[in-house]
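> got a predicted structure here, sequence first:
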Amino acid sequence: MQGRHTDVELPQELVLAIQRVLELKPERNDDPLDDLSNNFNPVDILNQLFPDEASLARLDAVQAKLAQDERELQAEIDALQEALRRDQDPGRMQLIQEMISDLLGQMSRIREKASESEAVVRNITKDIQALDLAKKNLILSMTTLKRLQMLVNALTQLEDQVKEKKYAEVAHSLAAVKQLSASFKSYTSVHRIMQVWKRIQQVQGEIRSQLDAEFDTFFLQDLSKPFKTIQITDACAVVDVLGLDVRIQIIERYVALELKEYRRIFRASDEAGHLDNIARRFAWFRRLLASHETEIGRVFPAEWQVGWWLFTKFVSITRDDLSTLLSKAGQSLTVKLLLETLQQTTEFELSMAKKWATPLDEILKVASPPIAQSQSMSSAFEPHLGVFVDAQDKALADMLAPHRGSKVRSSVDTASKPPTTTSTPRPSLSTLDEPEPAPIVLPSSTELFYFYAQSLDQCAKLSTGQALFDLCGIQRKWLKIYAEDVLSPKLKRPQTQARKSIDSRFDKAELQQACLLINTADYCQTTAAELEEKIKEKVDEKFKEKVKLQAERDLFMSIISVAINIQLRELESACDGAFNTMSRVNWRAMNDVTGHSPFLDDITQATEQVTELIKPLVEQKKYSRNFLDKASSLLLMRFTNALVKSRPLREIGAEQLLIDLGVFKSCLFKLPGETLSTSSYTRSLTKITTRLEALLKVIITPVDPPEGFILNYTLVIGDASFSNFQKILDLKGTPKMEQNSLLDSFLTITSTKTDLENTSFLTSLDMDPPASLAVGSPATSRIALPLSSASAAESVFSALTSPPLSGPATGSSNDGSAKGNEFGQKREVFSDIRRFVTFGLRRETQPPPS
């Protein structure tokens, strides 16, 4: 086994040691062979020694130099090995070990001497440390005694000032006592200090009792008699020194006395306390607040916010009364009384917040006890706002009652009056002194959303919680009802309605109604999205994710789909007579081609009339484009069906139809105009007409010679389908005897062309098409919008679409639903015996040619 070479990376310390021993200097290394780093590369050195072919002449000299270097290195290695043997002499190593041991012994003796020196120094300075500690304790004792003396003096002075009721001086002395006593809190175990501490607590208790009496006298004084307010002002300073709890106790005592009369007058059981008299409550408090600010309130410091405390307590009492009254009212509570009371309450709260330039929540938070924060008076109405929501439900029911039901089918005439500027946000309606134009949308829709906006703003002012979310549910409910009970019935044609004329078979009013409903449904679904965002902006955070109107928007989109299908139905009806005429043309009686057929004028005229009527009436161009995409597919489908029904075509008929198709194609290309034309519409129309042109060109080709006709079929159509080729022969009107010969030749020729596919666009061509495509039936009414032209062609104009995954068996019905091999798989000729059986049966059962 061959040995494996492994690169070993030398440590950097070893490399430096070798360089030091060999006296190598890396920074001045001229010989690349002396490089001991990991970057050594023999290939680079060989390239340096032999840069070109001419340098190979120096090969012998280079080998000689390398041999000389090897000998010098070996000699140096031998010398180093000899020196190493001398240095490793056992006697010398023993001497080195003894020297190391002696050195360690000296270090140990030095460490011992250092410890002894430290002990001597510590002994010398011991007395000095004791003196320093004594000095520190002495200073602390002197300071403490001095503070104790100051505390006792201040306490004695405080007692004298309390007896004399000098509250201005009491405030300063009490602050000094509390500050000094804080430093003695850790010395309360000392008897003397404990006595002083108890004395301080006793004096503070006396001050509180004296202040309570002073404030009670002040609160209950006869305002007609003069009173020294300066004394109460100084007493307030003492209260601040005593602490926040004393201040709150004084304020609550004052507030309770001031609102005692309010509790008596406005009891919930008395007439003055009823809901309809809530304005009297607010007027009474405004008078109380004015009296407080001009009289007693001036003696309190501004930072006490006594006015806020008065208001907060008033809010708390009134909120409890309102909750009781609203609960007692029950079913008898009317929306009018509820809203009036709530509006007055909200306005009062806002006026108080504006008076102090502070948000209401902050006022209630600052002026409430630390245990529980007070709530606003308007919050008492929150559980009872269901009355308001129910009233909105009833109002919406009354508003939409005239428009609901299957019997209410308003035409364009019933909506002739456009919405006013106060009932619709649409800026496109003219407000000038001109003849009023036809409405763009049903006025009922704009009235509905205007009512929604008003009720939403009103409810948001009352509550942004459960009530607003419940209102959203009511609005969602009536959006669904509006779509199903107001708009949907207008899409149903009355059974008694009939066509008025054969010349103009489309109903103009029906088309206008469909356009109006498209605009209305689009307006509703767009405004519903804006309504959803508006509700999410106003409602509380916990309800935001639950606010969804997507299902209702989908209902309006389905109405748009149905309305577009109605437009297509009217278009089909307008062209129905011309297509029936086309399907009855006897092409065998035609001798030459003189121009496009007369029935094509009727088709193009009816198509242009319907589209020109629709385009200006549909406001959103995307729906007009969607209609045009479907209309082009529908018309080409009817053209194809009429072509199939009019067989046999013969060559002359195919030539005439090819000319007609060109004219019809030009008409369809012009339908959208410049504003509605899209590349997808053009591509889809080109794709379908190109397939029709290919079909007609194959029919035009003479069957003689058969090989040329079949080869032309394979080139133009591009498949080897037996049934598709037979469709061409049927359309062409080839006699049955000739068909059999051509079919045999077709099988023979296509059996050698393995590159042909099994299917083509002819696979889905229906040879027995229906009389009508039933556009706008309930089965096809729910179509997602917007539809692209390609998808419209695939769904409506199925006869000329891409073929299915495989073609049907030979001789089978061509309904486009055959199943077989995957699309693109090469056929296997004569792989199914049923082809021969079916083919034989067709030949035996076919009637003789006419």
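Cool, got the structure.
> can you measure across stretch 234-254, start residue to end residue?
End-to-end distance of stretch 234-254 (CA to CA, to the nearest Å): 17 Å.
> if you count neighbours, what's buried in it?
For stretch 234-254, burial by neighbour count (16 or more other CB atoms under 10 Å) applies to 234-239, 241-242, 246-251, 254. Placement of C-beta: from N, CA and C, glycine included.
> pull the longest helix from the protein.
In the chain, with assignment by DSSP state H, the single longest helix is helix 90-164.
> so for that one, mean pLDDT?
Averaged across helix 90-164, the pLDDT comes to 85.
> after that helix, next one along is what?
The element immediately downstream of helix 90-164 (helix or strand, assigned by DSSP states H and E) is helix 167-182.
> now that next one against helix 90-164, angle please.
Computed by axes from the mean of the first three to the mean of the last three CA atoms, to 10 degrees, the angle separating helix 167-182 from helix 90-164 equals 150 degrees.
> residue 700 and residue 656 touch, don't they?
No - Residue 700 is not in contact with residue 656 according to CB atoms under 8 Å; the separation is 10.2 Å.
> give me the more crowded residue out of the two.
Neighbours per residue, other CB atoms under 10 Å: of residue 700 and residue 656, the larger number sits with residue 656, 22 against 18.
> model confidence score at the more buried one, please.
Reported pLDDT at residue 656 in the predicted model: 92.
> which SS class is it?
With DSSP: H, G, I helix; E, B strand; the rest coil as the basis, residue 656 sits in helix.
> please report how far it lies from residue 352.
Noted for residue 656: a distance of 90 Å to residue 352, by CB to CB, to the nearest Å.
> same question for residue 122.
Separation of residue 122 from residue 352 (CB to CB) stands at 76 Å.
> mean confidence score for stretch 469-488?
Mean predicted confidence for stretch 469-488 is 93.
> now what about it, what contacts it?
Applying CB atoms under 8 Å, 6 or more residues apart in numbering, the external contacts of stretch 469-488 come out as 385-386, 389, 392-393, 396, 400, 403-405, 408, 442, 444-445, 448, 452, 455-456, 459, 517, 520-521, 524, 528, 531, 535, 539-540, 543, 546-547, 549, 551-552, 555-556, 559, 562.
> quick one: buried ones out of those residues?
Using 16+ other CB under 10 Å as the burial test, the contacts of stretch 469-488 include 385, 389, 392-393, 396, 400, 403-404, 442, 444-445, 448, 452, 455-456, 459, 517, 520-521, 524, 528, 531, 535, 539, 543, 547, 549, 552, 555-556, 559, 562 as buried.
> among the contacts of stretch 469-488, which are in strands?
Applying DSSP state E to the contacts of stretch 469-488, no entry is found in strands.
> now, the residues you listed that are in helices?
Filtering these for membership in helices, criterion DSSP H, returns 386, 389, 392-393, 396, 400, 444-445, 448, 452, 455-456, 459, 517, 520-521, 524, 528, 531, 535, 551-552, 555-556, 559, 562.
> ok, so what distance separates the residue nearest to residue 506 when sequence neighbours are not counted from residue 608?
For residue 506, the nearest residue in space outside its immediate sequence neighbours is residue 574; the separation is 3.8 Å by CB to CB, 6 or more residues apart in numbering. In this view, residue 574 and residue 608 are 10 Å apart by CB to CB.
> and these two? Which one has more around it.
Here residue 574 and residue 608 are set side by side on neighbour count (other CB under 10 Å), and the busier one is residue 574, at 21 against 13.
> what helix or strand is the more buried one located in?
Taking DSSP H and E as the criterion, the element that holds residue 574 is helix 550-583.
> which helices and strands sit right next to the next helix or strand after that helix?
Later in the chain than helix 550-583, the nearest helix or strand by DSSP H and E is helix 598-614. When contacts are defined as 3 or more CB pairs under 8 Å, 6 or more residues apart in numbering; DSSP states H and E, helix 598-614 sits against helix 508-538, helix 550-583, helix 621-645, helix 650-670.
> can I get the ones you listed in JSON lines with distance to residue 151?
Listed next are the helices and strands packed on helix 598-614 as JSON lines, based on distance: least, CB to CB, whole Å:
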{"stretch": "helix 508-538", "distance to residue 151": "62"}
{"stretch": "helix 550-583", "distance to residue 151": "76"}
{"stretch": "helix 621-645", "distance to residue 151": "89"}
{"stretch": "helix 650-670", "distance to residue 151": "107"}
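> can you say which of the ones you listed is packed in most?
Burial of the helices and strands packed on helix 598-614 is given as mean neighbour count (mean count of other CB atoms under 10 Å); helix 621-645 ranks first at a mean of 23.
> who touches stretch 192-205?
Everything outside stretch 192-205 that qualifies as a contact, by CB under 8 Å, 6+ apart, is 148, 151-152, 155, 158-159, 162, 174, 177-178, 181, 184, 187-188, 242.
> in it, which residues are buried?
Result for stretch 192-205 [16+ other CB under 10 Å]: buried residues 193, 196, 197, 199, 200, 203, 204.
> and what of stretch 680-696?
Those buried within stretch 680-696 under the rule 16+ other CB under 10 Å are 681, 684, 685, 687, 688, 689, 691, 692, 693, 694, 695, 696.
> as CSV, those with pLDDT would be great.
Formatted as CSV, the buried residues of stretch 680-696 follow (pLDDT from 0 to 100):
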residue, pLDDT
681, 93
684, 92
685, 93
687, 93
688, 93
689, 94
691, 94
692, 94
693, 94
694, 93
695, 94
696, 94
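> out of those residues, the closest to residue 77 would be?
Residue 77 lies nearest to residue 687 out of the buried residues of stretch 680-696, by CB to CB, at 88.6 Å.
> what's the helix or strand for that closest one?
Here residue 687 is covered by helix 679-700, with elements defined by DSSP H and E.
> report the distance from that helix to the chain centre.
Between the mean C-alpha location of helix 679-700 and the chain-wide mean there is a distance of 43 Å, by CA atoms, centre = their mean, to the nearest Å.
> gap between the residue lying farthest from the centre of the chain and residue 242?
Here the chain has its C-alpha centre computed as a mean, and the residue farthest from that point, by CA atoms, centre = their mean, is residue 91 with 89.3 Å. With distances taken as CB to CB, residue 91 is found 95 Å from residue 242.
> ok, residue 95 next?
Residue 95 sits 89 Å away from residue 242, going by CB to CB.
> do the same with residue 700
From residue 700 over to residue 242 (counting by CB to CB), the distance is 115 Å.
> so, low pLDDT: which residues of this structure?
Counting by pLDDT under 70, the chain has low-confidence residues at 1-10, 19-39, 222-228, 369-373, 405-438, 493-504, 773-850.
> any chance you could map the strands in the stretch 201-350 of the chain?
Listed in chain order, the strands of the stretch 201-350 of the chain (DSSP state E, counting those that start in this stretch) amount to none at all.
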